[in-house]
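S.K.: Structure for this input, please:
(chains A and B)
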Amino acid sequence: MSKYIVHLRYYPGDSLEEIRPTDLDRIAEEHGVEVSFEKIDKREMVDGKLREETLDRPLEEISQEIITIRSEDEPRLRQAIAAIYDRYRSPRTPYGLWGSSPEGARLAKAVADETGGGW
Amino acid sequence: MKILGLLASYRKNGNSDILAKEALMGAEEAGAEVELLRLTDHRIEPCQGFGLCLFRKEGCHIKDDVKFIWSKIGEADGILLSGPCYFLEATAVIKQLIDRAWVLAHRGDFRGKYASVMITYGTKGWTSLAMLQPNIFFGILGFKVIHREAVHTQGLGEVVHENESLQKARLIGFELAQAVQKQDPTYRSTPGLCPICQDWNIRVLKDRKNVECPTCGVRGRLTVRDGVIDVEFDQRALAEYRFDPEVCYNHFTYHIKPSRDYFMRTKDERKALVQRYKNYLKAEE
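M.R.: Presented below is the predicted three-dimensional model:
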């Protein structure tokens, strides 16, 4: 298992642009880290608008896009996170890093604080 | 058609009071029924952060006059907000209401109503945030603001010497009533830099590449052409400004409601960690 595992959870409207796996592959290659992507969409169209009830639902099950970064190397991971934030911005909520390893979460928070995370 | 004057000033017969009344006279001229509500006559408790208004249908548990104020706003078709800027910003009573208004952004009870704002101030150069609270307030409520005017006047009631200001106030009230009648949201005051809130304040993001309107959260790039500073706002950002109904929906649905699951899942760990602070510097009860 990697020393650093970072889950970046973006909820509808959070990311600055569409998250494309091809763009993530490029970031992974450039910085020598492992990047994967998962999209969960539980929204339903109600009167022409996308709606979802999220109260009392598990964090992992509500609509979101999750970028997961794995690495053993802190400087590389740091650069990869910065590149992701530069493109999409950082997650917005205190649970936006939920499921990350403690070291990974610490690093992801530090990069957001240093760069502003695009916010 | 009803225009409600909301007075964010304690002082009776003060400049904000006089301007509000002059504007309401203008609204009456345009055929409106008018009423004046002095916010400082009412008890507005601070938000206690319980989140009941967000998580439970019964809403806020605080027993004060805020529900009454919302009911008066609900009855009106247009709001005329008048108050002073004492220290850079509008008065705190507006902020008190903002903190109590969050759930309304989600529910959208008042969305689509009209508003005009008049802020009095004494010293030029001490008003840079004067429109901040009014913009947040009406942004949250989803009002269409058609005037934002800062009126230069200082001592108690001195504005009666300022004919132009009085005439402007009368016109503001008249045009507000007309805007409601014609359902015409055209902006009547001098436009500002932000096309949404018309304010002039711009925040530089930490990346030193982008700027944003701190109120509306609309980002863009700073430009200088022939010595003139401007902002090229991002079109998607303009469509997704902070108080857009869908943006507010996403905020409540994904940034607030799921926080309960996070809170519950971290409860046991927190219970142990928080002990360190519980009895430290405990205030006398």
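S.K.: Leaving out chain neighbours, which residue sits closest to whichever residue of chain A sits closest to chain B?
M.R.: Closest residue of chain A to chain B, Cβ to the nearest Cβ: residue A:116 (2.8 Å). Where C-beta positions appear, they are placed from N, C-alpha and C, glycine not excepted. In space, and not counting its chain neighbours, residue A:116 is closest to residue B:206: 2.8 Å by Cβ to Cβ, 6 or more residues apart in numbering or on different chains.
S.K.: Give me every residue in chain A lying close to chain B.
M.R.: Applying Cβ under 8 Å from any Cβ of the partner chain, we find that chain A lies next to chain B at A:11-14, A:49, A:51-52, A:54-59, A:62-64, A:86, A:92-95, A:98, A:115-116, A:118-119.
S.K.: What about those residues, which are in helices?
M.R.: A:86, A:115 (DSSP state H).
S.K.: Show me the strands in chain A, by range?
M.R.: Here chain A has its strands, by DSSP state E, at A:4-10, A:34-40, A:44-46, A:49-51, A:64-71.
S.K.: Take these and lay them out in TSV including mean neighbour count and mean pLDDT.
M.R.: Shown next, in TSV, are these (neighbours: other Cβ atoms under 10 Å in any protein chain shown; pLDDT from 0 to 100):
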stretch	mean neighbour count	mean pLDDT
strand A:4-10	24	98
strand A:34-40	14	98
strand A:44-46	9	97
strand A:49-51	13	97
strand A:64-71	22	98
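S.K.: Out of the ones you listed, flag the one nearest residue A:104.
M.R.: Nearest to residue A:104, of all those, is strand A:4-10, at 4.0 Å by Cβ to Cβ.
S.K.: residues near residue 108, how many?
M.R.: In the absence of a named chain, chain A is used. 26 (other Cβ atoms under 10 Å in any protein chain shown).
S.K.: Oops, wrong one, chain B.
M.R.: 13.
S.K.: Would you mind listing what in the stretch 51-200 of chain B touches chain A?
M.R.: Residues of the stretch 51-200 of chain B lying near chain A by Cβ under 8 Å from any Cβ: residue B:55.
S.K.: Redo the strands of chain A as CSV? Include distance to residue B:265.
M.R.: Formatted as CSV, the strands of chain A follow (distance: least, Cβ to Cβ, whole Å):
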stretch, distance to residue B:265
strand A:4-10, 14
strand A:34-40, 18
strand A:44-46, 26
strand A:49-51, 25
strand A:64-71, 16
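S.K.: Quick check: the residue of the stretch 1-150 of chain B nearest chain A.
M.R.: For the stretch 1-150 of chain B, Cβ to the nearest Cβ, closest residue to chain A: residue B:55, 6.6 Å.
S.K.: Over to chain B?
M.R.: Counting by Cβ to the nearest Cβ, chain B gets nearest to chain A through residue B:206 (2.8 Å).
S.K.: who are the neighbours in contact with residue 4?
M.R.: Just going to use chain A. Residue A:4 is in contact with A:69-72, A:74, A:77, A:101, A:103-104, A:107, counting by Cβ atoms under 8 Å, 6 or more residues apart in numbering or on different chains.
S.K.: hm, I was asking about chain B
M.R.: Going by Cβ under 8 Å, 6+ apart, residue B:4 touches B:34-37, B:72-73, B:75-76, B:78-80.
S.K.: Report the secondary structure state of it.
M.R.: Classification of residue B:4 using DSSP: H, G, I helix; E, B strand; the rest coil returns strand.
S.K.: Just give the closest residue to it, not the sequence neighbours.
M.R.: Distances taken as Cβ to Cβ, 6+ apart put residue B:76 closest to residue B:4, at 3.7 Å, once the chain neighbours are dropped.
S.K.: can you give me phi and psi for residue 48?
M.R.: By default, I'm working from chain A. Dihedral pair for residue A:48: phi 80, psi 10, per degrees, to the nearest 10.
S.K.: that's the other chain; I wanted chain B
M.R.: The phi/psi pair for residue B:48 (degrees, to the nearest 10) reads phi -100, psi 0.
S.K.: Please apply the same query to residue A:11.
M.R.: phi -100, psi 160.
S.K.: Neighbours of it, how many?
M.R.: Residue A:11 has 22 neighbours, counted by other Cβ under 10 Å.
S.K.: what's the pLDDT at the residue in chain A sticking out farthest from the centre?
M.R.: If you look at how far each residue of chain A sits from its centre, by Cα atoms, centre = their mean, the farthest one is residue A:47, at 30.0 Å. pLDDT for residue A:47: 95.
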